[in-house]
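Asker: Predicted coordinates and the sequence they were generated for:
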Amino acid sequence: MVQEPRLRLAFITGASSGLGLAFCLELDRRDDFDMFYLVSRRRDLLEELANNLRHPVRLFPGDVTDPVWQAELADDLADSSTRPLIKYLVQSAGMGRSGLAADLGQANQDTVRLNCLALTQMIQLTLPYMDKGSHILNIASVAAFMPQHGFASYAASKAYVLSYSRALHSELKAKGISCMAVCPNPMETEFLTKSGQSAQVKGFKRLGVESPENVCRKALRKLDRGKDVSLSNGAARLVLALSKLLPHRLVLWFERKFS
Ligand SMILES: NC(=O)c1ccc[n+]([C@@H]2O[C@H](COP(=O)([O-])OP(=O)(O)OC[C@H]3O[C@@H](n4cnc5c(N)ncnc54)[C@H](OP(=O)(O)O)[C@@H]3O)[C@@H](O)[C@H]2O)c1
């Protein structure tokens, strides 16, 4: 009996806005997958996006940290008669709260639950549906390179994403699966106001601001070249160089003085 070809999926979390949305639009230009699986909590925005994409879309709205949602996704993938093959997993769902960790309380845990735990669970859940030529793109940040006074749990969570992604890239190489950490500078997305910052980046940090479109275009180009980390502008590379040169004690002092 001849088997039907597998249904190749591009699975995007955080698809309703910002960088996740930019990844959907950019990946939509490619022909190496058959269908999007789009995830975020705001179904209406996902529906609007689905209407503007070339590829067919399956909406999977929900909270990625919710065990019930995760179980439904696991059942959906397992039950599917289409033998899904996840070609791209882009994990852009993320959060952060600025402020002193001692004052943030639950928000610290929510950050770790979403940025680290759910990201890891999603990989665990989808990896059985990946094969040679599959790609995982985890959105980290330049915040991953150094501890941040006033953004402690966020920077620590992104350090986890960076380290975990690079190690996975090495471990999955033998199977032909790649894993990349995307490390953007500040982008003027909903993230800024949701995290308690002003909607526009101010001061010297403006020099590093980049657009989600640029971040995702460069990340996909680097993915095609087999890289495990994507920095998309000179300012991000400067932050990385400084993080290697300067004692982190000094960086924290500077952040404390000038924040
Ligand atoms: N903007 C920056 O300056 C910046 C810089 C470096 C790295 N990053 C990282 O880039 C990624 C994307 O952020 P962004 O700038 O594009 O911000 P954004 O516009 O706020 O996007 C975050 C996305 O995550 C979704 N989301 C949040 N919590 C979720 C949950 N529990 N379950 C499912 N979906 C959830 C949101 O959709 P719903 O609200 O509909 O659920 C939204 O689609 C994040 O990981 C962020 O840490 C951002």
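Answerer: Nice, thanks for sending it over.
Asker: Please tell me I have it right and residue 123 contacts residue 130.
Answerer: No: contact criterion CB atoms under 8 Å: residue 123 and residue 130 do not qualify, at 9.2 Å. Using the backbone N, CA and C atoms, a C-beta is placed for each residue, glycine as well.
Asker: Find the closest residue to the ligand in the stretch 51-200 of the chain.
Answerer: residue 94 (2.1 Å; CB to the nearest ligand atom).
Asker: if we can go back for a sec, so between residue 123 and residue 130, which is more surrounded?
Answerer: When neighbours are counted by other CB atoms under 10 Å, residue 130 comes out ahead of the other of residue 123 and residue 130, with 25 against 19.
Asker: which residues touch the more buried one?
Answerer: By CB atoms under 8 Å, 6 or more residues apart in numbering, residue 130 lies in contact with 85-86, 89, 136, 175, 177.
Asker: List buried residues within the residues you listed.
Answerer: 85-86, 89, 136, 177 (16 or more other CB atoms under 10 Å).
Asker: Make TSV from these and add secondary structure, pLDDT and distance to the ligand to it.
Answerer: TSV is the format used below for those (DSSP: H, G, I helix; E, B strand; the rest coil; pLDDT from 0 to 100; distance: CB to the nearest ligand atom, whole Å):
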residue	secondary structure	pLDDT	distance to the ligand
85	strand	97	23
86	strand	98	17
89	strand	98	14
136	strand	98	14
177	coil	98	21
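Asker: Which members of the residues you listed are the farthest-apart pair?
Answerer: 85 and 136 (13.6 Å; CB to CB).
Asker: State the three-state secondary structure for residue 83.
Answerer: Here residue 83 is recorded as coil under DSSP: H, G, I helix; E, B strand; the rest coil.
Asker: can you pull the contacts of it?
Answerer: Contacts of residue 83 (CB under 8 Å, 6+ apart): 3-4, 6-7.
Asker: same thing but 7 Å
Answerer: If you count contacts by CB atoms under 7 Å, 6 or more residues apart in numbering, residue 83 has them with 6-7.
Asker: I figured residue 248 hits residue 149, correct?
Answerer: No: counting by CB atoms under 7 Å, residue 248 stays clear of residue 149, with 10.6 Å between them.
Asker: low pLDDT regions in the protein?
Answerer: Along the chain, the model assigns pLDDT under 70 to residues 1-2, 80.
Asker: which residues in it form strands?
Answerer: Ranges of strands in the chain, per DSSP state E, are 8-13, 35-39, 57-59, 85-91, 135-139, 178-182, 229-230.
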